[in-house]
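Engineer: how would this look folded up:
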Amino acid sequence: MFPRLLIATVLGLVIVDHAGLDLPLSTQAPAQPVFSTRSALVVLHVMVTDKKGAYVGDLPSEAFTVFDDDQRQTVPFFAPQDTPVTAGLLVDSSGSMLSARDRVVTAAGTFAETSNSQDEMFALTFNERVRAARPPDSPFTADADTLRMDLDRVISARGRTALYDAISAGIEYSNKGSRPRKVLVVVSDGADNASAMTFDQVLKKTEASNVAIYTIALIDPAPVDSDADPKHLRRLAEVSGGKAFEPQSISDVSDVMRHIARDIRNTYTIGYVLANTARDGRFHRIRVVVNTPERRSLVVRTRAGYIAEERSPDAR
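Structural biologist: Next up is the predicted model:
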């Protein structure tokens, strides 16, 4: 298990969670999110498959080599597959999702049923406002029926779409969780016409967090909202080490949720401490190489990199 370290400090929106009530979002432009100046553990979710897409399990820590801007890193933190996660479902509740509402609620239960029983889960819905599905005295659940009922109660399927605000809120909510691994699953058509945040701001916030984002783009063939834009969902998934899905039919959403849950359970977690000399305020690219004794041809997926805070001159 990972030690209880401060992984990252993410600045920006202030969230007060009340079940079924709006989460107040700051209207001020958020500061650029960065890793903490005192302690920074770079956490990587690493998926390893063969060329046919089959999961490659039971790899030892020695099989993994991590490069930070082409500099090899010492990796003191390693967790095998199927370690518990803090997982959040971010579900579009705007008018464009009306036809998908019931299937998405059902799919949320499928996700919980397929996940590790020790995962801690939460749900946020969003139209022009972001709403927490769980009560403040019980912010997480591992029960599939509870998650279904939470979402069924708060999804309204009306209004405009504040997708970027919701992702920012999801990143902050996930930091309340006790699991070192953080995952968000975003269900939306990719439209945003109501956020205080811009796409570039939420992209930087994603790069500065340790959250892996999986996205499910549900595009209505007869859209109410002409702003549907799945390419932004794809970009957020790519930089975070998650994966983007674009099902051909709304009826496929439960299968996609099941796939995502299995991906999460078959992901390794590795981490290394960011050196003070690397805290230069810029984006650092990450590369993970996996080698096995038999020299198998493998496909490795993880986050693209991170933003590291510039170290102050008087820091020790």
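
Engineer: State the number of residues packed around the residue nearest to V56 when sequence neighbours are not counted.
Structural biologist: Leaving aside its sequence neighbours, V56 sits nearest to V48 (C-beta to C-beta, 6 or more residues apart in numbering; 4.4 Å). For every residue, glycine as well, the C-beta is placed using N, CA and C. The tally of other residues near V48 (other C-beta atoms under 10 Å) stands at 23.

Engineer: My understanding was that G241 contacts H45; is that so?
Structural biologist: Yes. When contacts are counted by C-beta atoms under 8 Å, G241 is listed as touching H45 (5.0 Å).

Engineer: Mutual contacts of the two, please.
Structural biologist: Residues touching both G241 and H45 comprise A212, T302, R303, with contact defined as C-beta atoms under 8 Å, 6 or more residues apart in numbering.

Engineer: Would you format those as JSON lines with pLDDT included?
Structural biologist: JSON lines is the format used below for those (pLDDT from 0 to 100):
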{"residue": "A212", "pLDDT": "96"}
{"residue": "T302", "pLDDT": "95"}
{"residue": "R303", "pLDDT": "93"}
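
Engineer: Just the element for L151, please.
Structural biologist: helix 144-154 (DSSP states H and E).

Engineer: Report all helices and strands that the next helix or strand after that helix contacts.
Structural biologist: As assigned by DSSP H and E, the chain's next helix or strand after helix 144-154 is helix 163-174. Secondary-structure packing of helix 163-174 (3 or more C-beta pairs under 8 Å, 6 or more residues apart in numbering; DSSP states H and E): strand 85-92, strand 120-126, strand 130-132, strand 181-188, helix 199-207, strand 211-217.

Engineer: any residues touching the last one, and which ones?
Structural biologist: Contacts of strand 211-217 with the rest of the structure, by C-beta under 8 Å, 6+ apart, involve 45, 167, 170-171, 174, 181-190, 206, 228, 230, 233-234, 236-237, 240-247, 253, 256-257, 260, 263-264, 267, 303.

Engineer: try 6 Å
Structural biologist: Strand 211-217 has contacts (C-beta atoms under 6 Å, 6 or more residues apart in numbering) with 45, 171, 174, 182-187, 190, 230, 233, 236-237, 240-246, 256, 260.

Engineer: same check, this time on the first one
Structural biologist: Surrounding strand 85-92, the residues in contact under the criterion C-beta under 6 Å, 6+ apart are 104, 108, 119-125, 166, 170, 174, 177, 179, 181-188.

Engineer: and G170, how many residues sit next to it?
Structural biologist: Using other C-beta under 10 Å, G170 is surrounded by 28 other residues.

Engineer: so what's it up against?
Structural biologist: G88, L90, L124, L184.

Engineer: Just name the closest of those residues to D69, please.
Structural biologist: Distance to D69 across the contacts of G170 (C-beta to C-beta) is lowest for L184, with 26.1 Å.

Engineer: Scan the chain for its longest strand.
Structural biologist: strand 41-50 (DSSP state E).

Engineer: Tell me which other helices or strands it touches.
Structural biologist: Applying 3 or more C-beta pairs under 6 Å, 6 or more residues apart in numbering; DSSP states H and E, one finds that strand 41-50 contacts strand 267-273, strand 298-301.

Engineer: Of the ones you listed, flag the one that's most buried.
Structural biologist: Using mean count of other C-beta atoms under 10 Å, the stretch among the helices and strands packed on strand 41-50 with the largest mean neighbour count is strand 267-273, at a mean of 21.

Engineer: In the stretch 101-250 of the chain, where is pLDDT below threshold?
Structural biologist: 220-226 (pLDDT under 70).

Engineer: can we see that at 90?
Structural biologist: 156-159, 180, 189, 207-210, 219-229, 248, 250 (pLDDT under 90).
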